[in-house]
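Visitor: Generate a structure from the sequence data that follows.
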Amino acid sequence: MNKQVAEFIGTFTLVLLGCGSAVLAGADIGLTGISFAFGLALIGMAYGIGPVSGCHINPAVSLGMVAAGRMTLPEAIKYIIAQVAGAIVAAAVLWMIASGKAGYSLAENGLGQNGWGAGYLGEYSLMAALVFEVVATFLFMVVILGATGRGAPAAMAGLAIGLALVVIHLVGINVTGVSVNPARSIGPALFAGTGALSQLWLFIVAPIVGAVAAGLVFKTGTLDAPE
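Guide: Here you go, the predicted structure:
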């Protein structure tokens with residue numbers, strides 16, 4: 001399988017099943033179920049497409065890999081294009097499925113888009129959302145780089161990374177809905193309306209800042225395993 005095709009499929013799966021769990025089953029499974037849906041989708045793709053592309057399925061992760069010296073920028077750009085495309089198609093498919101239920105309203109029920117402030121889940125402030133997304137993505141990227149680095153048991157990487165995503169969601173869903181992934185935010189926001197689009201910048205900038213910071217920490221050798 002082509003690496004870009006793998007990244008498209010992986011991001012499509014994460015957005016469709018992760019956001020879909022919130023939109024289609026959120027009332028039944030709650031925040032814990034949604035958190036596990038995102039994490040389990042990532043675990044499945046880690047073992048499904050990891051051997052092909054590394055299963056970044058996240059533009060911030062790809063740029064974090066560039067910062068860590070594990071990927072070139074031109075290759076990361078190709079990954080990012082595939083990831084964003086996969087997220088957009090997944091959001092469109094989710095919208096088509098959700099619209100099949102009587103009473104569903106895109107304006108009222110949404111597509112699992114991220115946000116903050118009045119009217120959004122826990123109604124946390126802009127600063128709280130910004131700090132959470134930067135810090136959570138930094139920690140997520142540390143797990144990714146550490147689990148896939150020298151000396152780490154390769155067979156456990158997907159499980160470690162997926163469980164880290166579960167924990168991040170358990171803590172942060174009420175804050176921002178949890179992005180830590182610009183593609184995951186871009187897809188639903190394009191369909192959810194002006195409110196989601198006006199706040200989209202944070203879910204692009206903050207995850208990239210957090211992931212690149214983690215990549216630079218590993219690049220300096222501060223957290224990298226010894227030779």
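
Visitor: elements contacting the helix or strand of the chain with the lowest mean pLDDT?
Guide: Least confident helix or strand, the chain: helix 106-109 with a mean of 93, by mean pLDDT, DSSP states H and E. For helix 106-109, the elements it packs on are helix 73-98, judged by 3 or more Cβ pairs under 8 Å, 6 or more residues apart in numbering; DSSP states H and E. Backbone N, C-alpha and C define where each C-beta goes, glycine included.

Visitor: Could you rerun that using 10 Å?
Guide: helix 3-53, helix 73-98, helix 182-192 (3 or more Cβ pairs under 10 Å, 6 or more residues apart in numbering; DSSP states H and E).

Visitor: Of those helices, give the one that comes closest to residue 105.
Guide: Nearest to residue 105 among these is helix 73-98 (9.5 Å), distances taken as Cβ to Cβ.

Visitor: So for that closest one, what gets flagged as buried?
Guide: Burial within helix 73-98, assessed by neighbour count using 16 or more other Cβ atoms under 10 Å, is assigned to 76, 79-80, 82-92, 94-95, 98.

Visitor: Now do that helix and helix 3-53, the angle between them.
Guide: Relative orientation of helix 73-98 versus helix 3-53 (axes from the mean of the first three to the mean of the last three Cα atoms, to 10 degrees): 110 degrees.

Visitor: and helix 73-98, average pLDDT?
Guide: The pLDDT scores in helix 73-98 average 98.

Visitor: if I look at the residue most central in space within the chain, how far off is residue 153?
Guide: Among the residues of the chain, the one closest to the centroid is residue 181, at 3.4 Å (Cα atoms, centre = their mean). In this view, residue 181 and residue 153 are 25 Å apart by Cβ to Cβ, to the nearest Å.

Visitor: just residue 166 next, same as before
Guide: According to Cβ to Cβ, residue 166 and residue 153 sit 19 Å apart.

Visitor: These two - which one has more neighbours?
Guide: Between residue 166 and residue 153, residue 166 has the larger neighbour count (other Cβ atoms under 10 Å), namely 19 against 9.

Visitor: distance of the more buried one from residue 7?
Guide: Going from residue 166 to residue 7 by Cβ to Cβ gives 21 Å.

Visitor: How many residues are close by the closest residue in space to residue 73 that isn't next to it in sequence?
Guide: Excluding its sequence neighbours, the residue lying closest to residue 73 (Cβ to Cβ, 6 or more residues apart in numbering) is residue 66, at 5.3 Å. By other Cβ under 10 Å, the residues close to residue 66 number 21.

Visitor: and what of residue 59?
Guide: Other residues near residue 59 come to 29 when the count uses other Cβ under 10 Å.

Visitor: wait, isn't it in contact with residue 211?
Guide: Yes. If you go by Cβ atoms under 10 Å, residue 59 and residue 211 touch, sitting 8.6 Å apart.

Visitor: Now do the shared contacts for the two.
Guide: When contacts are counted by Cβ atoms under 10 Å, 6 or more residues apart in numbering, residue 59 and residue 211 have 181, 182 as shared neighbours.

Visitor: Now do the same for residue 1: its pLDDT.
Guide: So, for residue 1, pLDDT stands at 71.
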